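Colleague: Take a look and give me a structure for this.
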Amino acid sequence: MELKYIRGCVHDNILVDGVQEMNISDEERKIVLEKIAKSLKPSDLNILLQEIIPIFGELESSDGPCESCGDYVDTYVLQV
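Modeller: Just a heads-up that it's a prediction; the model follows:
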């Protein structure tokens, strides 16, 4: 299975074996997800979670900056 992500100008597109993602069925989407999951190594989990949790999770932000460093602390929570 070839997954292709094209970006730039008016050419943004995601293709699954040459077919636009928006034109595949939900059943085909499940197959793509399963194949992606099977292709990942256990060590890929951290990278995957860093991308998925902020996108699909709920953001909780600190009320004020940290007294030590001045940073605000953001927490993303994803229930699965």
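Colleague: Go ahead and produce CSV holding the CA coordinates of the top helix by length along the chain.
Modeller: Longest helix in the chain, counting residues (DSSP state H): helix 26-39. Output of helix 26-39 as CSV, limited to C-alpha atoms (Å, rounded to 0.1, in the frame of the first residue of the first chain):
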residue,chain,number,x,y,z
ASP,A,26,-14.9,3.7,5.7
GLU,A,27,-14.1,0.0,5.4
GLU,A,28,-11.1,0.9,3.3
ARG,A,29,-10.1,3.5,5.9
LYS,A,30,-10.1,0.8,8.5
ILE,A,31,-7.9,-1.4,6.4
VAL,A,32,-5.4,1.5,5.9
LEU,A,33,-5.4,2.1,9.7
GLU,A,34,-4.8,-1.5,10.4
LYS,A,35,-1.9,-1.7,7.9
ILE,A,36,-0.3,1.4,9.4
ALA,A,37,-0.6,0.0,12.9
LYS,A,38,1.0,-3.3,11.7
SER,A,39,3.8,-1.5,10.0
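Colleague: For that helix, give me every contacting residue.
Modeller: The contact list for helix 26-39, computed with Cβ atoms under 8 Å, 6 or more residues apart in numbering, reads 1, 3, 16, 21, 24. C-betas here are computed from N, CA, C, even on glycine.
Colleague: For the second one, list each beta-bridge partner.
Modeller: Which is Leu3. Val16 (DSSP bridges).
Colleague: Quick check: pLDDT value at the residue positioned nearest the centre of the chain.
Modeller: Nearest to the mean C-alpha position of the chain, counting by Cα atoms, centre = their mean, stands Ile52 at 3.8 Å. Listed pLDDT for Ile52 reads 96.
Colleague: Determine which two of the contacts of helix 26-39 are furthest apart.
Modeller: Pairwise distances among these were taken by Cβ to Cβ; the largest, 12.2 Å, belongs to Met1 and Glu21.
Colleague: Tell me, how many residues neighbour the nearest residue to Leu15 once chain neighbours are set aside?
Modeller: Spatially, and ignoring its direct neighbours in sequence, Leu15 is nearest to Lys4 (4.2 Å; Cβ to Cβ, 6 or more residues apart in numbering). Using other Cβ atoms under 10 Å as the criterion, Lys4 is surrounded by 11 other residues.
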